[in-house]
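> When you get a sec, could you give me coordinates for this:
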Amino acid sequence: MEEERKIDKAKIIRRIMLFLLIIVLVILIQKIIFKNKNQETTSTMQNVTLGENENNINKNKIENELIDKITVVMKKEKMIIEEKEVVLDWSLLLVNTDNKMPDDYNIQVESIDQHRSFDTRAAQYLTQMMEKIRYAGISDIWIQSAYRTPKDQQTLFENQVQAYIYQGYSEETARKLTEKTINKPWHSEHNLGLAVDFNYVNREFENTDAFQWLQENAQDYGFVLRYPENKEDITKVSYEPWHWRYVGIEHAKAMKSQDLCLEEYIEKITNDY
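The predicted model follows:
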């Protein structure tokens, strides 16, 4: 509900700003046209025959230039407003192959166990979800990976590249294959501290009771399956049943009910503005 209120408020502010801008511009147009008419009248009185055509040309030129300037201003103002609204919430920050984390992104994490950390704002939801899974009688689940520093991400990425090269692939092919399963540093959700990998990080996880529980209940704690099997052409990442992303409870429920991956959901929200 909080996210919806933010969206509604942003819509209202945008509409008010555009309405006020239009009113101001209309007033300016009227003033300029009125001024031009007065100038035209004075000029006509002074020289009726010689100045009439020239004044009409100048008036049309001024009005056309003014309209062009107003159009540019309105487009720029609209772009500025929309740009401010694209980033709806920290939990929806899109990081993928094509979208790098902001250079000045300030992340604060806290420990969720002896070896792993998660974004401080979302850690409690991950902890609660793990407690509920185990309370449901499912003990065969653990957190394999959560927050990673960009340096750790770089090491992980390069190790996988070398593994492919060892298998006989060229370096170029090895890097392309690696990007299908491991994002580069600053392009990984693990660097955000909002992604968690479960168990052995392989597709066998989808056959576990833990995966089925997550499919049914993870949205209640703000988590979604980040790379679904039927969205690979959109996410550009192979299906990963072990990789789950925190997006917030309201967003997670909306994504689940509408069968949207994060890229689709953000595009939908942006278009709704």
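
> check which helix or strand covers the closest residue to Trp90 other than its chain neighbours.
Among residues not flanking Trp90 along the chain, Arg121 sits closest, at 7.1 Å (Cβ to Cβ, 6 or more residues apart in numbering). Quick note: C-beta positions are derived from backbone N, CA and C, even for glycine. Element membership for Arg121, per DSSP states H and E: none, as it lies in no helix or strand.

> Repeat that for Gln212.
Assigned by DSSP H and E, Gln212 belongs to helix 209-217.

> So which elements touch that helix?
Packing partners of helix 209-217 (3 or more Cβ pairs under 8 Å, 6 or more residues apart in numbering; DSSP states H and E): helix 123-135, strand 195-198, strand 223-225.

> Quick one: mean pLDDT over the shortest one.
Okay, so that is strand 223-225. The average pLDDT within strand 223-225 is 98.

> Show me where this structure has its strands.
Applying DSSP state E to the chain gives strands spanning 109-111, 117-119, 143-145, 195-198, 223-225, 243-246.

> can you list those in a markdown table and add distance to Asp233?
As requested, the strands of the chain are arranged in a markdown table below (distance: least, Cβ to Cβ, whole Å):
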| stretch | distance to Asp233 |
| --- | --- |
| strand 109-111 | 32 |
| strand 117-119 | 28 |
| strand 143-145 | 25 |
| strand 195-198 | 21 |
| strand 223-225 | 16 |
| strand 243-246 | 17 |
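
> Look up how far Lys184 lies from the residue nearest to Trp90.
Counting by Cβ to Cβ, to the nearest Å, the gap from Arg121 to Lys184 is 25 Å.

> Ser117 now?
Distance, Ser117 to Lys184, by Cβ to Cβ: 21 Å.

> Give the burial count for Gln212, as a bare number.
Around Gln212 there are 12 other residues, counting by other Cβ atoms under 10 Å.

> cool, and Asn207?
10.

> same check, this time on Gln215
Gln215 has 13 neighbours, counted by other Cβ under 10 Å.

> Next: the one 5 residues further on.
Other residues near Asp220 number 15, with proximity taken as other Cβ under 10 Å.

> now do Phe118
The burial count for Phe118: 25, using other Cβ under 10 Å.

> any idea how far it lies from Arg175?
Distance from Phe118 to Arg175, by Cβ to Cβ: 29 Å.

> can you check Ala163 too?
Going from Ala163 to Arg175 by Cβ to Cβ gives 12 Å.

> all helices of the chain, in order?
Under the criterion DSSP state H, helices of the chain are mapped to 2-46, 48-86, 123-135, 150-166, 171-179, 189-192, 209-217, 232-235, 249-258, 262-272.

> Can you flag the weakest of these by average pLDDT?
helix 48-86 (a mean of 56).
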